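A.B. asks: just a sequence and a predicted model for now, questions to come.
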Amino acid sequence: MSNFKDSNSSPTRSHLMSLTSERASRQAKIVNYNENAMRVVARKIAKTSLASDGPKFLENRNSDDSQDPVHHSAPSTSKNSKIQIRRPILCETTFNHRKTEFRQEIRNFIETGKKMGCQEFMPFFEDGERLLDTYGNYSKTEPAVKIVQDGTHYLRELESFDGPILFKKVKGLGLEVSEEINVENLEELLEDQKYLNVICSFTQITKTMPVKKFMEFFRKDSRNDAFNVISLEVSKLKKLDREIRVPQYVERFGIINQLKTALEAEQKRQGRLLRERNSQETQKNLKFLEKIISELPTYQKFLVLSTKGSFTNAHIDLSATATFFHVKIGKKVFYIAPPTPENLEIYERVEKEEMSEWIGDILWDQWIRVEISAGQTATIPSGWIHFVWTPEDTIAVSGSYLLEKYVSRHFRITALDEYCLQNQTSGITMDHMFQGFHPVMWAYVKYILLPDIAERSVSPEKLKIVKFFAQNLEAKKSMDRKWFEEVEQLDIQKKLKIELHRLQNH
């Protein structure tokens, strides 16, 4: 796959920063999400309008410490304590000045060599995090993230799906999260899961912890750490699986879902053939289909359990999967940056070289702040770079899914993940990989793409997808799921290239 070969050039700060020089014109024009913050603005204006020198929100730290203190002690992780909410911005100059100060604080911290998310980092991050939002200055008119009331017209909202969307309510989405999923019932619902992989947020170290012990920590009023569970996929946990239903658009458009539907249809067809004529070949086909269906990857039902103060550093989700994120209890704040060609190149270099610069600093003027409150659902397209903060104890449900329209991005980030795993950069492990990605792509071509394009004309968009698969599917002697031998892969590849030739000369 020539498109994804490693670059031998040595990255420099100036090179990385230059890649972001034309970003402003690329920003999406979508509506502002932070209605609550806007109401706060109005109240602040009313309270300060009598002051002779006007509003003094977010003035220089040295002169305004009494009003807007910067905490340099360990962050509070007690569930009942209040994290200071940064006041909204009224003055463009003040906003830019404070944002520059905040950036320098982060750079100073990075020079210490300590990890993002540690105890020393979180106090000033919590104090200044709203300044990270490109659209956080409410004197601007540019929008931040598209928000809609509910999912009644989700197909229209997701027609292009090239930017984040926040659904205020789940109505119409088809997403179902049972009321049984709460702090009181979780231990019982997780009875099939004896241990959890828990990230200790202050050290960014993952450790195995009994469910009972984690839930005891979750219920505590006073804590000395922040725990984060973000890799618990529950599709194979009987009790929890039935308490969650993924959104309709995932069931309809997700590659795994489409593949499962196609395989089950072929299974029924082979079953009819077996009843008509009991042959060894048909029996073999049925066993093969049963094997694939049982081994399909499951990444669509994650239960997320995060205590207050948890922090997840900047990343792209495994294989650049698109994501839905529903907050059941609590609140999450995502900071996201678009997958422009320049940004993806920067991300690849940072991941491969483990550079000292923080990508949050390199993409400083591109972050969009998305606050997801209880009952709300966010959808984030493929490949968006993001980091996440948890301002209060949170129980959430999320899902990752592949989409045909983003297949080139899926291949690109999968290649990056594989490179980092092989070369032990960026701290990636097998748990961060989309396991079964390549077998799924071969099965998708055989059971969905080839039947879909056979003996018919296709749209220009579909032709691009056919061409991409024909150029980038590579036969492998071994894959993590033994679905297709190398000779079978070559046969699929040959058929695909024949169809591509026909379509290009149609």
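C.D. replies: That came in fine, so what should we check first? Residues are numbered from 1 along each chain as shown.
A.B. asks: mind listing the strands for the chain?
C.D. replies: 146-148, 165-167, 176-177, 195-200, 205-210, 227-233, 244-245, 302-306, 311-315, 322-337, 368-373, 377-380, 385-401 (DSSP state E).
A.B. asks: what mean pLDDT does the helix ranked longest in the chain get?
C.D. replies: Under DSSP state H, the helix in the chain containing the largest number of residues is helix 255-276. Confidence for helix 255-276, expressed as mean pLDDT, is 94.
A.B. asks: and for stretch 465-474?
C.D. replies: For stretch 465-474, mean pLDDT rounds to 96.
A.B. asks: what's that stretch in contact with?
C.D. replies: For stretch 465-474, contacts defined as Cβ atoms under 8 Å, 6 or more residues apart in numbering pick out 1, 3, 404-405, 407-408, 411, 441-442, 445, 449, 453, 458, 489, 492-493, 496-497, 499-500, 503. C-beta: built from backbone N, CA, C; applies to glycine.
A.B. asks: which of these fall in helices?
C.D. replies: If you go by DSSP H, the contacts of stretch 465-474 have 407-408, 411, 441-442, 453, 489, 492-493, 496-497, 499-500, 503 in helices.
A.B. asks: output those as JSON lines; include the columns distance to Lys482 and neighbour count.
C.D. replies: Below are those laid out as JSON lines (distance: Cβ to Cβ, whole Å; neighbours: other Cβ atoms under 10 Å):
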{"residue": "Val407", "distance to Lys482": "23", "neighbour count": "21"}
{"residue": "Ser408", "distance to Lys482": "26", "neighbour count": "19"}
{"residue": "Phe411", "distance to Lys482": "21", "neighbour count": "22"}
{"residue": "Met441", "distance to Lys482": "15", "neighbour count": "22"}
{"residue": "Trp442", "distance to Lys482": "11", "neighbour count": "21"}
{"residue": "Ile453", "distance to Lys482": "27", "neighbour count": "19"}
{"residue": "Gln489", "distance to Lys482": "12", "neighbour count": "22"}
{"residue": "Ile492", "distance to Lys482": "15", "neighbour count": "19"}
{"residue": "Gln493", "distance to Lys482": "18", "neighbour count": "17"}
{"residue": "Leu496", "distance to Lys482": "21", "neighbour count": "21"}
{"residue": "Lys497", "distance to Lys482": "24", "neighbour count": "16"}
{"residue": "Glu499", "distance to Lys482": "26", "neighbour count": "19"}
{"residue": "Leu500", "distance to Lys482": "27", "neighbour count": "17"}
{"residue": "Leu503", "distance to Lys482": "31", "neighbour count": "16"}
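A.B. asks: closest to Arg156 out of these?
C.D. replies: Val407 (23.3 Å; Cβ to Cβ).
A.B. asks: separation between that closest one and Pro451?
C.D. replies: Distance, Val407 to Pro451, using Cβ to Cβ, to the nearest Å: 17 Å.
A.B. asks: same check, this time on Glu276
C.D. replies: Applying Cβ to Cβ to Glu276 and Pro451 gives a distance of 21 Å.
A.B. asks: and for Gln283?
C.D. replies: Distance, Gln283 to Pro451, by Cβ to Cβ: 23 Å.
A.B. asks: okay, and the helix or strand of the protein with the least pLDDT?
C.D. replies: Every helix and strand in the chain was compared by mean pLDDT, DSSP states H and E; the lowest is helix 35-48, with a mean of 41.
A.B. asks: let me see the confidence value for Asn236.
C.D. replies: No, residue 236 isn't Asn; it's Lys. Reading off the model, Lys236 has pLDDT 94.
A.B. asks: what about it, how many residues nearby?
C.D. replies: Using other Cβ atoms under 10 Å, Lys236 has 11 other residues around it.
A.B. asks: nearest residue to it other than its sequence neighbours?
C.D. replies: The shortest distance from Lys236 to any residue other than its chain neighbours is 6.6 Å, reached at Thr298 (Cβ to Cβ, 6 or more residues apart in numbering).
A.B. asks: do I have it right that Ile385 meets His315?
C.D. replies: Yes - between Ile385 and His315 a contact is recorded at 7.2 Å, counting by Cβ atoms under 8 Å.
A.B. asks: quick one: which of the two has more around it?
C.D. replies: Ile385 (24 against 16).
A.B. asks: who's in contact with the more buried one?
C.D. replies: Applying Cβ under 8 Å, 6+ apart, the residues contacting Ile385 are 314-316, 336-337, 339, 343, 347, 359, 363.
A.B. asks: if we go to 10 Å?
C.D. replies: 314-317, 335-340, 343-344, 346-347, 350, 359-360, 363, 366-367 (Cβ atoms under 10 Å, 6 or more residues apart in numbering).
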